[in-house]
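Peer 1: When you get a sec, could you give me coordinates for this:
(one chain, ligands or ions: 1)
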Amino acid sequence: MHSAQHFDVLIVGAGLSGIGAAVHLQRQSPGRSFAILEGRDNVGGTWDLFRYPGIRSDSDMYTLGFEFKPWTQDRSIASGSSILDYLWDTVGEHDLKRCLKLGHKVVRADWSSESATWNLQVEHLGETLRFTCNFLFMCSGYYNYRKGYCPEFPGRDQFRGEVIHPQHWPEDLDYRNKRVVVIGSGATAVTLIPNLAESAAKVTMLQRSPSYLAVDSAVDRTALRLRRVLGSRMAYKVIRLRNTMRQQSTYRSAQKDPEKFKAGLFAAVRAAVGQEYLDKHFTPTYQPWDQRVCLIPNGDMFQAIASGKADVATAHIETFTETGIRLDSGEELPADIIVTATGLELVTLGEVDFTVGGDAVDFSRTWTYKGLAYSGVPNLASVFGYVNTSWTVRAELVAKFVCRVLNHMESTGASTVTPRLRPEDRRMRRGPFVEGFSSGYFQRANGVLPGQGDRSPWINPQNHRATKRLLTGRVDDGVLKFESH
Ligand SMILES: Cc1cc2nc3c(=O)[nH]c(=O)nc-3n(C[C@H](O)[C@H](O)[C@H](O)COP(=O)(O)OP(=O)(O)OC[C@H]3O[C@@H](n4cnc5c(N)ncnc54)[C@H](O)[C@@H]3O)c2cc1C
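Peer 2: You can find the predicted model right below:
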């Protein structure tokens with residue numbers, strides 16, 4: 001075992017959250033030694049991992065981008081590779097390469113109260129390295145990087161073609177002139193369909209139940225005009241604010257008057273593919289925004305359907321067969337390739353094994369502090385973005401809050417900070433980590449995420465105004481306990 005390298009702060013993960021956190025740390029809490037430990041061999045996280053045809057954002061880059069770095073491309077709904085370029089540009093502009101440790105996967109973190117440090121075990125090139133830090137900032141995303149979620153399909157072994165999960169898209173997969181069935185109804189499925197349809201013989205989207213689909217333009221013309229008038233920095237500020245507000249008000253109006261909201265979405269779908277298709281395949285049973293609404297940029301998927309290159313089947317799978325999929329209706333969908341766009345598997349904090357005082361931390365038994373820290377766990381914060389607004393908007397609020405906590409520790413000489421329940425918090429009603437969201441990946445993950453209480457600061461609101469209030473308030477709030485050793 002090598003001797004440990006010590007840093008004031010270690011950031012785990014070099015996706016949007018980790019790179020953003022590093023910039024905020026440099027700017028708002030300067031003078032600290034820090035490093036970014038990234039398990040993969042590239043920055044980007046999500047935007048490096050997913051390589052399926054057409055991979056793109058489904059929220060606009062004016063809000064998915066950083067507040068400090070204007071998005072200057074024309075498309076606001078951006079490709080995975082252009083988001084990766086944006087991240088590498090950020091790394092270059094902020095001289096982050098020197099603190100970036102790629103291929104460093106954190107597997108274990110033990111808190112020592114004697115030294116007030118985290119002791120990390122990190123896998124690197126087949127060796128185990130040790131790192132220590134005073135503060136650990138987990139920017140490790142929210143899902144399992146090793147494998148996506150895929151239910152057991154009966155008869156899967158019989159199928160003679162290829163079965164692909166979008167999380168592991170083979171670079172050389174040749175789907176030209178092939179019949180492809182994409183199982184799924186979420187953002188990944190609706191992205192894949194039009195892109196595969198460009199060269200496949202036929203693409204069928206096979207869904208158990210429909211999702212809500214929203215048609216929007218991939219290019220924001222108002223933003224481009226504003227950029228010409230105000231310059232990119234000022235225009236970015238304005239559009240970022242407008243879009244954040246718009247995302248939030250869309251969510252609120254969907255909740256307040258779901259029928260009116262549905263009517264707007266349905267009108268666009270009806271215009272694109274007709275009433276019969278809408279009734280049969282695009283009318284969900286749940287309310288809008290109980291699960292994420294899927295974006296159809298420029299109506300691309302509807303064009304693929306209208307051209308006859310793609311279609312949709314809404315049915316249950318009876319079994320995979322040698323040559324495709326048999327539905328419970330008895331109908332057979334012939335396929336050369338089956339894509340299981342069946343989703344992600346949520347994990348907590350990069351699947352790192354944590355101990356405090358020698359005891360394993362079970363995060364599902366902790367309470368979330370403002371959606372960024374955990375009751376009883378010292379000197380640890382993590383990023384979890386919004387599910388109804390771009391992730392980065394919340395990620396940056398969290399990073400700035402963490403900087404203020406670090407600055408407070410420095411100015412008061414505290415070596416530890418721990419969120420602790422007050423006596424009156426001990427009997428709180430416990431809710432799920434994210435309220436009012438029924439997406440499969442949250443349902444499946446209830447057993448691994450922390451709980452939410454019924455009062456501030458033990459809450460994790462999805463409302464931007466409430467979150468802003470929560471994360472710009474005082475840091476010595478009587479719940480965060482600052483102590484020196
Ligand atoms: C296909 C897809 C499209 C999406 N589109 C949008 C969108 O349009 N808008 C939106 O708001 N959200 C979107 N999301 C959610 C998206 O994940 C976030 O927006 C954002 O990219 C998350 O950034 P992150 O840095 O927090 O996490 P990630 O991108 O997941 O990055 C986490 C990083 O941490 C590293 N890591 C994890 N564990 C460890 C460990 N133990 N040791 C070392 N390193 C570790 C990972 O390797 C990874 O590089 C999308 C998600 C997916 C899967």
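Peer 1: which ones are touching residue 378?
Peer 2: 111, 113, 116, 356, 416, 417, 418 (CB atoms under 8 Å, 6 or more residues apart in numbering). (Each C-beta comes from the backbone N, C-alpha and C, glycine too.)
Peer 1: at 7 Å instead, please
Peer 2: By CB atoms under 7 Å, 6 or more residues apart in numbering, the residues touching residue 378 are 111, 356, 416, 417, 418.
Peer 1: now do residue 17
Peer 2: Going by CB under 7 Å, 6+ apart, the list of residues near residue 17 reads 139, 383, 395.
Peer 1: Return the closest of these with respect to residue 27.
Peer 2: residue 395 (15.1 Å; CB to CB).
Peer 1: The closest one: what's it in contact with?
Peer 2: Taking CB under 7 Å, 6+ apart, one finds 16, 17, 20, 383, 385 in contact with residue 395.
Peer 1: Look up the pLDDT of the closest residue to the ligand within the stretch 201-350 of the chain for me, please.
Peer 2: The nearest approach of the stretch 201-350 of the chain to the ligand comes at residue 350, 2.7 Å away (CB to the nearest ligand atom). Turning to residue 350, the model gives it a pLDDT of 96.
Peer 1: Get me the contact residues on this protein for the ligand.
Peer 2: 12-18, 37-40, 45-46, 50, 57-59, 64, 105-106, 139-141, 145, 188, 350-352, 383, 385, 390-391 (CB under 6 Å from any ligand atom).
Peer 1: Which of those fall within strands?
Peer 2: 12, 37, 105, 106 (DSSP state E).
Peer 1: Let's test this: mean pLDDT of stretch 396-403, rounded?
Peer 2: Mean predicted confidence for stretch 396-403 is 98.
Peer 1: Please work out the average pLDDT along the strand or helix carrying residue 136.
Peer 2: Assigned by DSSP states H and E, residue 136 belongs to strand 127-138. Averaged across strand 127-138, pLDDT comes to 98.
Peer 1: Then stretch 84-104?
Peer 2: So the average pLDDT for stretch 84-104 ends up being 98.
Peer 1: and it, how far apart are its ends?
Peer 2: 19 Å (CA to CA, to the nearest Å).
Peer 1: Which positions in it come out as buried?
Peer 2: 84, 86, 87, 88, 90, 91, 94, 96, 99, 100, 101, 104 (16 or more other CB atoms under 10 Å).
Peer 1: of all the contacts of residue 395, which comes closest to residue 270?
Peer 2: When those are compared against residue 270 (criterion: CB to CB), the nearest one is residue 385, at 32.6 Å.
Peer 1: I'd say the closest one and residue 397 touch.
Peer 2: No - assessed by CB atoms under 7 Å, residue 385 is found out of contact with residue 397, at 9.5 Å.
Peer 1: Who does the host helix or strand of residue 481 pair with, and is each partner parallel or antiparallel?
Peer 2: Per DSSP H and E, residue 481 falls inside strand 480-483. Here strand 480-483 is paired, per DSSP bridges, with strand 416-419 (antiparallel).
Peer 1: Need the residues that contact the strand it pairs with.
Peer 2: So strand 416-419 is contacted by 116, 369, 373-376, 378-379, 405, 409, 479-483, 485 (CB under 7 Å, 6+ apart).
Peer 1: got it, and stretch 37-54?
Peer 2: 10, 12-16, 19, 80, 83-84, 87-88, 91, 100-106, 122, 141, 145, 166-167, 169, 171, 191-192, 194-196.
Peer 1: so of those residues, which ones are in helices?
Peer 2: 16, 19, 80, 83-84, 87-88, 91, 191-192, 194-196 (DSSP state H).
Peer 1: Looking at these, which one is closest to the ligand?
Peer 2: For the ones in helices among the contacts of stretch 37-54, the nearest to the ligand is residue 16 (4.1 Å; CB to the nearest ligand atom).
Peer 1: Return the set of buried residues in stretch 244-252.
Peer 2: Quick answer for stretch 244-252 (16+ other CB under 10 Å): 244, 247, 248, 250, 251.
Peer 1: Looks like the second one contacts residue 387 (just checking).
Peer 2: Going back to what we said before, that points to residue 247. No - judged on CB under 7 Å, residue 247 makes no contact with residue 387 at a distance of 10.8 Å.
Peer 1: What score does the residue nearest to residue 220 when sequence neighbours are not counted have for pLDDT?
Peer 2: Distance criterion CB to CB, 6 or more residues apart in numbering; nearest residue to residue 220, sequence neighbours excluded, is residue 76 at 4.4 Å. pLDDT for residue 76: 97.
Peer 1: Okay, the residue sitting furthest away from the middle of the chain and residue 318: tell me how far apart.
Peer 2: Ranked by distance from the centre of the chain (CA atoms, centre = their mean), the top residue is residue 330, with 37.2 Å. To residue 318, residue 330 is 8 Å away according to CB to CB, to the nearest Å.
Peer 1: ok so, going back, among the contacts of residue 17, which one lies nearest to residue 221?
Peer 2: Distances from residue 221 to those, taken by CB to CB, are shortest for residue 395, at 27.7 Å.
Peer 1: And what about the closest one, helix, strand or coil?
Peer 2: helix (DSSP: H, G, I helix; E, B strand; the rest coil).
Peer 1: now it: how far from residue 40?
Peer 2: Taking CB to CB, one finds residue 395 at 18 Å from residue 40.
Peer 1: same deal with residue 374?
Peer 2: 25 Å.
Peer 1: repeat for residue 461
Peer 2: For residue 461 relative to residue 40 (CB to CB), the value is 31 Å.
Peer 1: just checking, residue 143 touches residue 346?
Peer 2: Yes - contact criterion CB under 7 Å: residue 143 and residue 346 qualify, at 5.6 Å.
Peer 1: Give me the pLDDT for residue 251.
Peer 2: 89.
Peer 1: do the one 5 residues further on as well
Peer 2: Looking at residue 256, its pLDDT is 91.
Peer 1: does residue 156 really touch residue 321, like I thought?
Peer 2: No - applying CB under 7 Å as the test, residue 156 and residue 321 come out as separate, 10.4 Å apart.
Peer 1: Could you pull up the mean pLDDT of stretch 315-332?
Peer 2: Here the average pLDDT along stretch 315-332 is 97.
Peer 1: then it to CSV, C-alphas only?
Peer 2: Taking Å, rounded to 0.1, in the frame of the first residue of the first chain, the C-alpha atoms of stretch 315-332 are listed here in CSV:
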residue,chain,number,x,y,z
ALA,A,315,-48.2,-4.1,-25.4
HIS,A,316,-46.7,-6.6,-22.9
ILE,A,317,-44.0,-9.0,-23.9
GLU,A,318,-44.8,-12.6,-23.7
THR,A,319,-41.4,-13.9,-24.7
PHE,A,320,-38.4,-13.3,-26.8
THR,A,321,-38.3,-15.8,-29.6
GLU,A,322,-35.5,-16.9,-31.9
THR,A,323,-36.4,-14.2,-34.4
GLY,A,324,-37.9,-11.4,-32.4
ILE,A,325,-40.5,-10.7,-29.7
ARG,A,326,-43.9,-12.3,-29.2
LEU,A,327,-46.4,-10.0,-27.5
ASP,A,328,-49.2,-11.0,-25.2
SER,A,329,-51.7,-10.3,-28.0
GLY,A,330,-50.0,-13.1,-29.9
GLU,A,331,-48.5,-10.6,-32.5
GLU,A,332,-44.8,-11.2,-33.3
